[in-house]
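# Sequence and predicted model, in that order:
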Amino acid sequence: MIHLYFVRHAESLSNVNHHLIGGRSNQTPLTEKGRKQAKRLGKRLSTASVKLDVVAASSAVRAYDTAQIMCKEANLDFNQVLVSDDLQELSQGDWEGKVRKEIYTPQMLSQINSNNWLHKAPNGESQKEVEERMFGWLEKNIFPLNSTDQPIHCAIVTHGNAIRCLFRKIMNSTPSMTHRIRLDNTSITKFRYAGQKDWYMDYVNDHEHLDISTSPLHVDDLNKKHLQNG
């Protein structure tokens, strides 16, 4: 059984510039708030009892730095992190950095919503292409680790839309629901993979570590919404 913990990166400058289309924007740094979020995530992991066998991260600066800060706080070896371009955000191509309201006119939104699974910006990616890219990375790097004898625990630091697209494939859900999944910065969403398309969702958008009223952090077993690491 493989336990997969999908982590959305911490807050970046793209997240606070809502009027601009982000897409990949791979050089966008974390905000100061984002760095604090990543530290809280790492501290949460440091209190846990289940060992992470694999940590992976998108090569985009905001995800890479989130993973680096997380590992430092959790006493994990960042040099062992699998960094991959295949875990990057959905590309918005020529639209990246453009003013959102100038691109997403009512006519364009109608066109996008008519088939959001296959739609893509000029020189960008479709949701279908992103989910295949993300799933392909799992097939190559994670699924071969599956064992009936020992559970494998993997944390993957990536991006909101990339995660949502992958979830659509895992759950075989309608593409029209993809954008309705809320994923906050540094939130954790957990799936279990038992092989042969045998998937189980345990929880979505767990960001307990960002709740300042939760102190000290309380960690129970994995079945009670808590990602654990020794």
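Received, thanks.
# pLDDT wise, what is the nearest residue to residue 62 once chain neighbours are set aside at?
For residue 62, ignoring the flanking residues on the chain, the nearest one in space by CB to CB, 6 or more residues apart in numbering is residue 12 at 3.9 Å. In this view, the C-beta of every residue, glycine as well, is placed from N, C-alpha and C. Turning to residue 12, the model gives it a pLDDT of 96.
# Might you report the residue contacts of residue 12?
Listed by CB atoms under 8 Å, 6 or more residues apart in numbering, the contact partners of residue 12 are 25, 28, 29, 30, 31, 34, 61, 62.
# can you rerun that using 7 Å?
28, 29, 30, 31, 34, 62 (CB atoms under 7 Å, 6 or more residues apart in numbering).
# cool, residue 58 as well?
Contacts were defined as CB under 7 Å, 6+ apart; by that measure residue 58 touches 64, 84, 87, 88, 157, 158, 159.
# Select from those residues every entry located in strands.
84, 157, 158 (DSSP state E).
# doesn't residue 63 make contact with the second one?
Looking back up the chat, that one is residue 157. Yes: under the criterion of CB atoms under 7 Å, residue 157 is in contact with residue 63, at a separation of 5.1 Å.
# overlap in contacts of those two?
Joint contacts of residue 157 and residue 63 (CB under 7 Å, 6+ apart) are 9, 57.
# Quick check: PyMOL command selecting the buried ones in the contacts of residue 12.
Remark: buried members of the contacts of residue 12, expressed as a PyMOL selection using 16 or more other CB atoms under 10 Å:
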select buried, resi 28+30+31+34+62
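# Now distance to residue 2, pLDDT and secondary structure too, for the contacts of residue 12, in TSV please.
Formatted as TSV, these follow (distance: CB to CB, whole Å; pLDDT from 0 to 100; DSSP: H, G, I helix; E, B strand; the rest coil):
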residue	distance to residue 2	pLDDT	secondary structure
28	30	94	coil
29	32	96	coil
30	29	97	strand
31	33	97	coil
34	28	96	helix
62	26	97	helix
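# so what's the backbone phi/psi at residue 47?
With angles defined as degrees, to the nearest 10, residue 47 sits at phi -90, psi 0.
# what's around it, how many residues?
15 (other CB atoms under 10 Å).
# And residue 199, by the same measure?
Neighbours of residue 199 (other CB under 10 Å): 16.
# Does the nearest residue to it once chain neighbours are set aside belong to a helix, a strand or coil?
Sequence neighbours aside, residue 170 is the residue nearest to residue 199 in space, at 5.3 Å (criterion: CB to CB, 6+ apart). Following DSSP: H, G, I helix; E, B strand; the rest coil, the label given to residue 170 is helix.
# Specify which member of the ones in strands among the contacts of residue 58 is nearest to residue 102.
Lowest distance from residue 102 to the ones in strands among the contacts of residue 58 (CB to CB) belongs to residue 158, with 28.1 Å.
# follow-up on the earlier one: quick check, nearest of the ones in strands among the contacts of residue 58 to residue 136?
Among those, and counting by CB to CB, the member closest to residue 136 is residue 84, at 10.6 Å.
# Could you pull up the residues touching that closest one?
Residue 84 makes contact with 56, 58, 59, 137, according to CB under 7 Å, 6+ apart.
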